[in-house]
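I would like to see how this sequence folds:
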Amino acid sequence: MLYLITKIIEVKPYKIICQFNNNEIRQIDLEKKIKYFVKINPELFNVLLDFNYFKTVKLDSYGTICWNNNIDFCPDILYQMSTPIDVKF
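The predicted structure follows:
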């Protein structure tokens with residue numbers, strides 16, 4: 001199955017709670033991934049360490065999360081690195 005994000009539910013420091021196209025609610029912890037990419041390309045990824053910028057995350061038309069500086073992540077990888085959470089609405 002190709003996993004896509006259908007909704008951003010909540011944004012915490014370096015964590016994003018999303019709903020995927022299989023209706024699962026999952027938390028994506030991006031802290032380690034961002035710090036890894038900062039070492040490779042600090043000019044591009046350093047901005048994600050600023051929570052005020054990090055929380056500007058949005059859902060794009062391809063079913064993944066992105067920021068205005070064109071950073072995005074593969075939704076399948078995000079699904080694999082996320083953990084399911086029990087959310088009551």
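
all helices of the protein, in order?
31-40, 42-45, 51-54, 75-81 (DSSP state H).

As a check, name the ranges of all strands in the protein.
When secondary structure is read from DSSP state E, the chain shows strands at 5-12, 15-20, 25-29, 58-59, 65-66, 82-84.

Same list as before, those strands that is, but in CSV and with mean pLDDT included.
Output for these, formatted as CSV (pLDDT from 0 to 100):
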stretch, mean pLDDT
strand 5-12, 97
strand 15-20, 97
strand 25-29, 98
strand 58-59, 96
strand 65-66, 97
strand 82-84, 97
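
can you redo those as CSV with distance to Leu44?
For every residue, glycine as well, the C-beta is placed using N, CA and C. Supplementary listing: the strands of the chain in CSV, determined by distance: least, C-beta to C-beta, whole Å:
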stretch, distance to Leu44
strand 5-12, 20
strand 15-20, 19
strand 25-29, 19
strand 58-59, 17
strand 65-66, 13
strand 82-84, 23
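
CSV for these, including distance to Tyr36 and mean neighbour count?
Below are the strands of the chain laid out as CSV (distance: least, C-beta to C-beta, whole Å; neighbours: other C-beta atoms under 10 Å):
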stretch, distance to Tyr36, mean neighbour count
strand 5-12, 19, 15
strand 15-20, 16, 19
strand 25-29, 13, 18
strand 58-59, 22, 12
strand 65-66, 17, 18
strand 82-84, 17, 14
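
so which of these gets nearest Asn46?
Asn46 sits nearest to strand 65-66 of all those, at 16.9 Å, using C-beta to C-beta.
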